[in-house]
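Asks: Structure of the sequence below:
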Amino acid sequence: MSFSFSSSSSSAVSSSYPLTPYGWDEDWAAAFSPYAEQGLVPGRVVRVDRGQCDVITADGTVRADTAFVVPRDPMRIVCTGDWVALDAAGGDPRFVRTLLPRRTAFVRSTSSQRSDGQVLATNVDHIAICVSLAVELDLGRVERFLALALSSSEGAALLGDGSGGEHRPQPIVVLTKADLVPDAVTLSHLVQDIEAIAPGVQVLPVSSTTGEGLDVFGAVVSGGTSVLLGISGAGKSTLANTLLGREAMEVQAARDVDGKGRHTTTTRNLLLLPHGGVLIDTPGLRGVGLFDAGTGVGEVFSEIEELAAHCRFHDCAHEAEPGCAVLGALDDGSLPERRLESYRKLIRENQRIVAKTDARVRAEILRDWKRKGAEGRAAMQAKRGRVR
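Replies: Below is the predicted model of the structure:
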């Protein structure tokens, strides 16, 4: 399947500087200048594997050792998408000497029982959340991905990389395998279901089989760096191959019984697109734990946050308090119960993760538990007629 589209960024491919197609610009050049004075050369990590990485440089792709950049903090480990300073040609082996400050970082928690974060991709401009239409939509999972995506600029700030909100990647929900939806009306309803939970986010149905939506998506990813995220079987590698115009990524059919894939992509790979831009394909994610994604949760559930501003009490928990605008919207049907339950779940999960590393948050949660416990005991005593 081939397709074409126009893009103002495609001229970057013909730029005289070899790293420009990979995202190199004046800001990166300025950040690298101190290392240039040391005789180091710039490059972008296109793949990481067992203590070594493939780095694209002005002279081509080289294999480099990461022994000098192995911190105790897993959030600072070399990741696909990083810009690095490495030894000049001639060294054997060549070493990555340092990472340039990250503009953005897509981070998930490694486990609900731990406070460690795992960086999945860095320095991205677009986050494409791939959702297969071959199976029933899981709206809660989409909300979770969106919360992380909308917090990815804060992820870089957490690492001390300091760009904050200056570089904010744009999320897009890509509904893959649109050719499996029987009719246009059903497809339209599915798009509307996602749009309802993704305020301000572009939702695009695509098909690598028929080519539907690929011209639009191709135009999006032609500008900057994009990462494909989703569970196994979401069609990420097939989509990457279609955009590349070649079989760069191995693919396998999803299981018919549940639509799940078989993790054919095992590493994160940065790929140069023929029409401009670069694409990071990632392995399917079994779990997507939040990691300090409070800002993203608030944006995904903006309507609940707006309602909460009109609650009688500023610390309203939206459970049984009088004058709660959120519960009022739930009662009159303007706020779906599933939406509120999803919001509560993500807020609780994010608080647990943050509390593991932030003593102030831990103290606030403990005070809240004690207050609720006291209120519960008082209510029980009143019910039993023990209040004097």
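
Asks: those helices in the stretch 151-300 of the chain, which residues are they?
Replies: Residue ranges of the helices in the stretch 151-300 of the chain, as given by DSSP state H, counting those that start in this stretch, are 152-158, 184-197, 214-221, 236-244, 294-300.

Asks: Now do the same for the first one: mean pLDDT, whole number.
Replies: Pointing back at helix 152-158 there. Averaged across helix 152-158, the pLDDT comes to 55.

Asks: low-confidence ranges in the protein?
Replies: Applying pLDDT under 70 to the chain flags the ranges 1-16, 110-116, 153-166, 247-266, 286-292, 355-388.

Asks: okay, which residue is most central for it?
Replies: Nearest residue to the geometric centre of the chain (Cα atoms, centre = their mean): residue 149, 3.7 Å.

Asks: Would you check that that residue makes contact with residue 107?
Replies: No: taking contacts as Cβ atoms under 8 Å, residue 149 lies outside contact range of residue 107: 10.7 Å. Yep, even glycine has a C-beta here, placed from its N, CA and C like the rest.

Asks: about what we covered before: could you single out the most deeply buried of the helices of the stretch 151-300 of the chain?
Replies: helix 236-244 (a mean of 24; mean count of other Cβ atoms under 10 Å).

Asks: now the angle from that helix to helix 214-221?
Replies: 90 degrees (axes from the mean of the first three to the mean of the last three Cα atoms, to 10 degrees).

Asks: Excluding sequence neighbours, find me the nearest residue to residue 305.
Replies: Counting by Cβ to Cβ, 6 or more residues apart in numbering, residue 305 lies nearest to residue 298, which is 5.1 Å off, once chain neighbours are set aside.

Asks: what's the distance between that neighbour and residue 88?
Replies: Separation of residue 298 from residue 88 (Cβ to Cβ, to the nearest Å): 46 Å.

Asks: can you check residue 70 too?
Replies: 21 Å.

Asks: Between the two ends of stretch 52-68, what distance do you get?
Replies: 11 Å (Cα to Cα, to the nearest Å).

Asks: Okay, buried residues for that stretch please.
Replies: For stretch 52-68, burial by neighbour count (16 or more other Cβ atoms under 10 Å) applies to 52, 53, 54, 55, 56, 57, 62, 64, 65, 66.

Asks: Got the phi and psi for the last one?
Replies: It refers to residue 66. The phi and psi values for residue 66, taken as degrees, to the nearest 10, are phi -110, psi 20.

Asks: In contact with it, which residues are there?
Replies: Each residue near residue 66 by Cβ atoms under 8 Å, 6 or more residues apart in numbering is listed here: 48, 51, 52, 53, 78, 95, 96.

Asks: Relative to residue 123, which of these is nearest.
Replies: Proximity of these to residue 123 was ranked by Cβ to Cβ; the top entry is residue 78 with 12.4 Å.

Asks: follow-up on the earlier one: buried subset of the contacts of residue 66?
Replies: Here, 16+ other Cβ under 10 Å leaves 48, 52, 53, 78, 95, 96 buried among these.

Asks: which of these sit farthest apart?
Replies: Pairwise distances among the buried ones among the contacts of residue 66 were taken by Cβ to Cβ; the largest, 14.3 Å, belongs to 48 and 95.

Asks: Overlap in contacts, residue 149 and residue 107.
Replies: Common contact partners of residue 149 and residue 107 (Cβ under 8 Å, 6+ apart): none.
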